[in-house]
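A.B. asks: structure of the sequence below:
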Amino acid sequence: MHELSTLSLWHATMSAEEWGPGRPALGSDLQVDVAIVGAGYTGLWTAYYLLRRDPTLRVAILEAQVVGFGASGRNGGWCSALLPMGLDAIAKRSSRSQAFRLQTAMHETVAEVGRVVDAEGIDCHFAHGGYLNVSRNPMQLQREAEHIKHLHSYGFSDDDYRVLSQAESTKRLGATKVLGGGFTPHCAALHPARLARGLARTVERMGATIYEHTPVVEITPRTVRTHLGTVKADVVVRATEAFTPSLAGEGRTVAPIYSLMIATEPLPDDFWASVGLHDRATFNDGRHMIIYGQRTADNRFAFGGRGAWYHWGSTIKPEYDRDERVHALIHDTLRDLFPGIGDAAITHRWGGPVGAARDWWCHASFDPSTGLASAGGYVGDGVGTTNLSGRTLADLITGEPSELTTLPWVGHRSRKWEPEPLRFIGINATTVLPVGADRHEDRKGSSSKWREAIMNRLLGH
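C.D. replies: Numbers count the residues shown, from 1 in each chain. Got it, this is the predicted structure:
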């Protein structure tokens with residue numbers, strides 16, 4: 001068993017061959033064309049598309065732990081077209097047509113990931129089954145209908161987002177209390193750690209070198225400093241997401257927000273016959289507190305949610321990956337949705353931080369004058385978005401004119417997070433308020449307007 005197999009279900013269900021041999025740490029100073037800090041999806045996709053553009057590039061990837069250690073290896077396995085910022089926020093900064101362009105690029109990204117994993121032989125259990133959001137009370141049903149109507153106002157059609165009747169929703173997902181829902185085909189389920197490790201092997205075949213166990217302490221123009229040596233490069237890509245605050249001068253760039261997950265043992269065929277998800281659509285419901293689930297290729301539920309506390313000073317510690325209270329709430333939620341799981345064993349409990357910018361925007365940026373590039377701020381929606389980041393950064397770095405380099409998230413700069421204690425109070429309010437709003441709906445049968453207004457303000461909606 002690999003020493004990091006306890007990180008998540010995904011890490012535990014990889015063979016020794018899929019883990020592959022360990023990679024050495026940086027042993028001395030180095031000179032390359034492109035230095036990428038972080039061997040998660042953003043860094044790996046950037047390396048992949050750069051080397052597709054120019055196979056002669058010398059590309060080094062520096063990773064503090066191992067490939068797929070962070071959110072790229074531990075997430076819910078949704079390769080979705082979701083963005084952390086809404087279309088209205090994008091339109092406000094640019095235009096409605098630009099918001100449409102960016103969202104359409106995300107639709108195309110889901111298919112692009114599928115194309116690459118097929119072309120490169122990466123067996124990550126990719127299943128392009130779409131995403132189902134079920135509504136389990138009248139307020140959720142109303143919100144979903146309004147949301148899809150709003151998306152249609154931007155120019156999307158039922159081919160992209162459509163309202164489902166109660167019968168259609170229940171046929172796709174046999175959860176309790178379902179009144180209806182919404183569906184988009186622009187999502188795929190996958191095994192995230194297999195994708196990360198497979199991408200790493202691919203970029204190494206293409207010529208990149210990955211240095212593991214090499215924590216970076218500082219990034220400056222054309223220079224990456226570690227305790228094991230200094231890397232000089234024409235271009236330096238920061239692809240550190242939730243771990244960005246560990247870098248010198250980056251303590252308030254993003255905030256690490258924890259998301260936790262559980263997985264059941266494999267469930268029998270008669271259970272899945274009643275529950276559905278035959279095409280492995282990802283799913284959630286319309287509550288305010290974020291939940292997310294998938295049927296894995298080996299017939300488990302992999303199911304997660306927010307609700308874990310943000311820790312003072314953007315601290316990240318291994319013990320924060322497991323919170324008995326939050327894991328119990330996630331388990332209760334899964335049993336409420338699917339009582340048929342009964343006493344099925346929960347075989348894995350895990351979690352980890354995702355990166356959030358202050359205005360809840362993600363970005364892809366490159367400054368030719370300094371050689372500094374970065375991408376991130378996905379707030380948990382990064383499985384697909386990182387691919388768009390990698391393609392966009394490759395175009396920006398190589399100077400290749402493209403439709404991607406003019407998308408409205410390119411070059412976006414989020415303001416810094418507030419210092420403590422304001423950051424602690426504000427972020428944890430976004431943890432408490434959704435719970436209160438959901439309880440109010442359950443008790444009163446109506447929306448909690450003041451909680452929703454505060455949440456929208458805090459989340460930049």
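A.B. asks: quick one, strands of the stretch 201-350 of the chain?
C.D. replies: 209-211, 216-220, 223-226, 229-238, 255-264, 282-285, 291-295, 301-305, 346-356 (DSSP state E, counting those that start in this stretch).
A.B. asks: ok and the second one relative to strand 229-238, angle-wise?
C.D. replies: What that stands for is strand 216-220. 70 degrees (axes from the mean of the first three to the mean of the last three C-alpha atoms, to 10 degrees).
A.B. asks: how about the closest residue to S402 other than its chain neighbours, what does it touch?
C.D. replies: Nearest residue to S402, sequence neighbours excluded (C-beta to C-beta, 6 or more residues apart in numbering): D395, at 4.5 Å. The way it works is simple: take the backbone N, C-alpha and C, and place the C-beta from them, glycine included. Going by C-beta atoms under 8 Å, 6 or more residues apart in numbering, D395 touches P401, S402, L404, T405.
A.B. asks: what about the last one, which SS state?
C.D. replies: With DSSP: H, G, I helix; E, B strand; the rest coil as the basis, the three-state label of T405 is helix.
A.B. asks: for it, give its distance to G293.
C.D. replies: T405 sits 35 Å away from G293, going by C-beta to C-beta, to the nearest Å.
A.B. asks: can you check M455 too?
C.D. replies: Counting by C-beta to C-beta, the gap from M455 to G293 is 22 Å.
A.B. asks: comparing those two, which residue is more hemmed in?
C.D. replies: G293 (30 against 18; other C-beta atoms under 10 Å).
A.B. asks: my guess is that one contacts D285. True?
C.D. replies: No. The pair G293 / D285 is not scored as a contact, 9.6 Å apart, by C-beta atoms under 8 Å.
A.B. asks: for the stretch 51-200 of the chain, what spans make up the helices?
C.D. replies: Secondary structure of the stretch 51-200 of the chain (DSSP state H, counting those that start in this stretch): helices at 71-74, 87-93, 96-119, 138-153, 166-172, 192-205.
A.B. asks: how about those helices, which one is nearest R415?
C.D. replies: helix 87-93 (13.1 Å; C-beta to C-beta).
A.B. asks: which outside residues touch the closest one?
C.D. replies: By C-beta under 8 Å, 6+ apart, helix 87-93 touches 83, 96, 98-100, 102-103, 150-151, 154, 359-361, 408-409, 412, 460-461.
A.B. asks: do stretch 341-350 as well
C.D. replies: Here stretch 341-350 has contacts from 7-9, 12, 74, 260-265, 267, 271, 300-301, 321-322, 327, 331, 334-335, using C-beta under 8 Å, 6+ apart.
A.B. asks: what separates it from the chain centre, distance-wise?
C.D. replies: 23 Å (C-alpha atoms, centre = their mean, to the nearest Å).
A.B. asks: buried ones in it?
C.D. replies: Going by neighbour count (16 or more other C-beta atoms under 10 Å), the buried part of stretch 341-350 is I341, A344, I346, H348, R349, W350.
A.B. asks: now R225: closest residue in space, sequence neighbours ignored.
C.D. replies: E218 (4.4 Å).
A.B. asks: how about G293?
C.D. replies: Using C-beta to C-beta, 6+ apart, the closest residue to G293 is F303 (4.1 Å).
A.B. asks: I'd like to know the beta-bridge partner residues of the one you found.
C.D. replies: I262, G293 (DSSP bridges).
A.B. asks: on that earlier part again, tell me the secondary structure at the residue nearest to S402.
C.D. replies: helix.
A.B. asks: I'd say D321 and H311 touch.
C.D. replies: No. Assessed by C-beta under 8 Å, D321 is found out of contact with H311, at 11.6 Å.
A.B. asks: spit out the residues that contact the two alike.
C.D. replies: With C-beta under 8 Å, 6+ apart as the test, D321 and H311 both reach Y258.
A.B. asks: tell me, how many residues neighbour R252?
C.D. replies: 17.
A.B. asks: hmm, I typed the wrong one, I wanted Y320.
C.D. replies: What Y320 shows, counting by other C-beta under 10 Å, is a neighbour count of 18.
A.B. asks: quick one: find the helix or strand in the chain with the lowest mean pLDDT.
C.D. replies: Using mean pLDDT, DSSP states H and E, helix 449-458 stands out as the lowest-scoring helix or strand of the chain, at a mean of 75.
A.B. asks: okay, the angle between that helix and helix 138-153?
C.D. replies: 40 degrees.
A.B. asks: surely D29 is in contact with T226?
C.D. replies: No. Look at D29 against T226 with C-beta under 8 Å: they stay out of range, at 9.8 Å.
A.B. asks: and the two? which has more neighbours close in?
C.D. replies: Using other C-beta under 10 Å as the criterion, D29 and T226 rank with T226 on top: 20 against 11.
A.B. asks: so the more buried one bridges to which residues?
C.D. replies: V216, G229.
A.B. asks: what's the distance between it and L433?
C.D. replies: 40 Å.
A.B. asks: can you check L164 too?
C.D. replies: 28 Å.
A.B. asks: do I427 as well
C.D. replies: In terms of C-beta to C-beta, I427 sits 11 Å off from L433.
A.B. asks: show the buried residues in the contacts of helix 87-93.
C.D. replies: Taking 16+ other C-beta under 10 Å as the criterion, what is buried in the contacts of helix 87-93 is 83, 98-100, 102-103, 151, 154, 359-361, 408-409, 412, 460.
A.B. asks: just for the stretch 251-400 of the chain, where's the confidence low?
C.D. replies: Counting by pLDDT under 70, the stretch 251-400 of the chain shows no low-confidence range.
A.B. asks: count the neighbours of the closest residue in space to E418 that isn't next to it in sequence for me.
C.D. replies: In this structure, E418 finds its nearest non-sequential neighbour in G426, 6.8 Å apart by C-beta to C-beta, 6+ apart. G426: 15 surrounding residues under other C-beta under 10 Å.
A.B. asks: surely G426 forms part of a helix?
C.D. replies: Yes. The assignment for G426 is a helix, going by three-state DSSP.
A.B. asks: I figured it hits E420, correct?
C.D. replies: No. Judged on C-beta under 8 Å, G426 makes no contact with E420 at a distance of 10.3 Å.
A.B. asks: which parts of whatever helix or strand E18 lives in are buried?
C.D. replies: E18 is part of helix 16-19 when elements are defined by DSSP states H and E. Buried residues in helix 16-19, defined by neighbour count with 16+ other C-beta under 10 Å: E18, W19.
A.B. asks: cool, stretch 255-269 as well?
C.D. replies: For stretch 255-269, by 16+ other C-beta under 10 Å, it's A255, P256, I257, Y258, S259, L260, M261, I262, A263, T264, L267.
A.B. asks: ok, now stretch 81-97?
C.D. replies: For stretch 81-97, by 16+ other C-beta under 10 Å, it's A81, L82, L83, P84, M85, G86, L87, A89, I90, A91, S94.
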